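Engineer: Need the 3D shape of this:
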Amino acid sequence: MLNGSRLRKRKLLAAAILSVTAGCAVNPPPEGGRLYVTGCGDDIGMQQGVRQLEWDAAGNLRPGWFVKCAEVNYLVHSADGQLAYATANDGDLVTFRCEPAGWRVLERQPTGGKVSCHLALSPEGRYLYTANYGDGSVSEFELRQGRPAFRRLFRTEDIHPAARDGAHAHFVGFTPDGKFLAVVDLGIDAVLLYPYTPERGIGPEASAVKFAPGAGPRHLVWSADGKYAYVANELNSTVSVLRYECGRFELLNSVATVPADFQGDNYPAAIRLSPDGRWLLVSNRGMDTLAVLALDGIGGMKELRCCPIAVADWPSKVKNAWPRDFDFTPDGEKIIVANERTGQIGCFAFNPATGEVKVLSAISLPGAMSVLF
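Structural biologist: The predicted structure follows:
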């Protein structure tokens, strides 16, 4: 859990990063900020690319510039904020230049894998890794003056065999100590830890922690102290807690993200920790809610409530809002949710004392996939 001093420092750092990656506007909205949203899909008229948005203190959202770029789905900033990188459904990696009037595409290159869906930078910013869902692979790029140069491709099935229809790497991210790359693979029901050094990148051998058959682990997030990782399981609507120690994971427990009496299909997607470390939130695609779980700081979880995220009417042909991604604003007071199927971005107030989520506003943004601050 973050104390008051550390939380204030985190807010100041986040504000500084926002000032570097501001986009086109000279000044941020009063007591608000900016974010970036990807949109891609197959619907007619859907804008595929990156849209800048601004929010204000009241939670109002306002669209800014747009850069067209086909099939992009997830974003990260470079360490200095001058570049941004995106994975794409066609298996590409896209590099953007963050210019005052908006972002500009610098290059687009194949990752060597299929259906690239997530990416992460190494702690010192020397390497970039992508998770490639289509073939369960992980791509390694070396960054040369910020420009990615492909190095190697790793396949998760070389570490652990797939249980169903093949491996599906869905997430990559570094352990808090920077010594391992964590790869979450939905197809093999496992999270892998590849050893990492800045001199050599990741090694070919990895340890694995196995989940219940059919769990379908998708994304993970770390506790503030780095001792625990929480994993959203897409296929059985649960979230699992892992203890991390000495380069190994231990599966401790799993709890449901939907009530026991919920009827219907549901597929958890994004998972985030509140800035104070007290609350764990998971988006439910199908139930169309944010599951809010209270954390006890020692790996325990308790489901508190499921908060609806349907913020406005949508066409009757659309069955679900489908909250694919969400994140906290840097001040920790609001949550921005990307509803993929209804094409909405919603802004919600978050109460850190109670974990309550309350809708503030929404705007239309077709095919919204992910959010980045």
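Engineer: Return the alpha-carbon coordinates of stretch 365-373 using CSV.
Structural biologist: Extracted in CSV, the C-alpha atoms of stretch 365-373 (Å, rounded to 0.1, in the frame of the first residue of the first chain):
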residue,chain,number,x,y,z
LEU,A,365,-15.7,6.5,-30.1
PRO,A,366,-16.3,3.6,-32.4
GLY,A,367,-14.3,0.4,-31.7
ALA,A,368,-12.5,1.7,-28.6
MET,A,369,-9.9,-0.9,-27.7
SER,A,370,-7.5,0.5,-25.1
VAL,A,371,-6.6,3.6,-23.1
LEU,A,372,-3.2,5.1,-22.3
PHE,A,373,-2.3,8.1,-20.1
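Engineer: For the remainder of this discussion, apply numbering that starts at 848.
Structural biologist: Sounds good: first residue 848 from here, last item stretch 1212-1220.
Engineer: Off-centre distance for that stretch?
Structural biologist: 11 Å (Cα atoms, centre = their mean, to the nearest Å).
Engineer: With stretch 951-968 instead?
Structural biologist: The answer for stretch 951-968 is 15 Å, by Cα atoms, centre = their mean.
Engineer: Flag every buried residue along that stretch.
Structural biologist: Within stretch 951-968, the residues scored as buried using 16 or more other Cβ atoms under 10 Å are 952, 958-968. Heads up, the C-betas are built off the backbone N, CA and C, glycines and all.
Engineer: Ok, stretch 968-984 next?
Structural biologist: So, applying 16+ other Cβ under 10 Å, buried residues of stretch 968-984: 968-970, 974-984.
Engineer: Please name the bridge partners of the closest residue to A1016 other than its chain neighbours.
Structural biologist: Residue nearest to A1016 in three dimensions, not counting chain neighbours: A978, with 4.1 Å by Cβ to Cβ, 6 or more residues apart in numbering. Assessed by DSSP bridges, A978 has beta-bridge partners H965, V985.
Engineer: try E1150
Structural biologist: Under the criterion used (DSSP bridges), E1150 bridges to L1140.
Engineer: Is it correct that it is in contact with V1102?
Structural biologist: Yes. Contact criterion Cβ atoms under 8 Å: E1150 and V1102 qualify, at 5.9 Å.
Engineer: shared neighbours of the two, anything?
Structural biologist: L1140 (Cβ atoms under 8 Å, 6 or more residues apart in numbering).
Engineer: of the two, who's got more company?
Structural biologist: Legend: neighbour count by other Cβ atoms under 10 Å for E1150 and V1102, higher for E1150 (18 against 15).
Engineer: Find me the pLDDT at the more buried one, would you?
Structural biologist: Looking at E1150, its pLDDT reads 77.
Engineer: Restricting to C-alpha, output stretch 1131-1138 in PDB.
Structural biologist: Extracted as PDB, the C-alpha positions of stretch 1131-1138 are listed here (Å, rounded to 0.1, in the frame of the first residue of the first chain):
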ATOM      1  CA  ASN A1131     -16.400  -7.900 -17.200                       C
ATOM      2  CA  ARG A1132     -17.300  -8.200 -20.900                       C
ATOM      3  CA  GLY A1133     -20.800  -9.800 -21.000                       C
ATOM      4  CA  MET A1134     -22.000  -8.600 -17.600                       C
ATOM      5  CA  ASP A1135     -20.800  -5.200 -18.600                       C
ATOM      6  CA  THR A1136     -19.500  -4.200 -15.200                       C
ATOM      7  CA  LEU A1137     -16.300  -3.400 -13.300                       C
ATOM      8  CA  ALA A1138     -15.800  -6.000 -10.600                       C
END
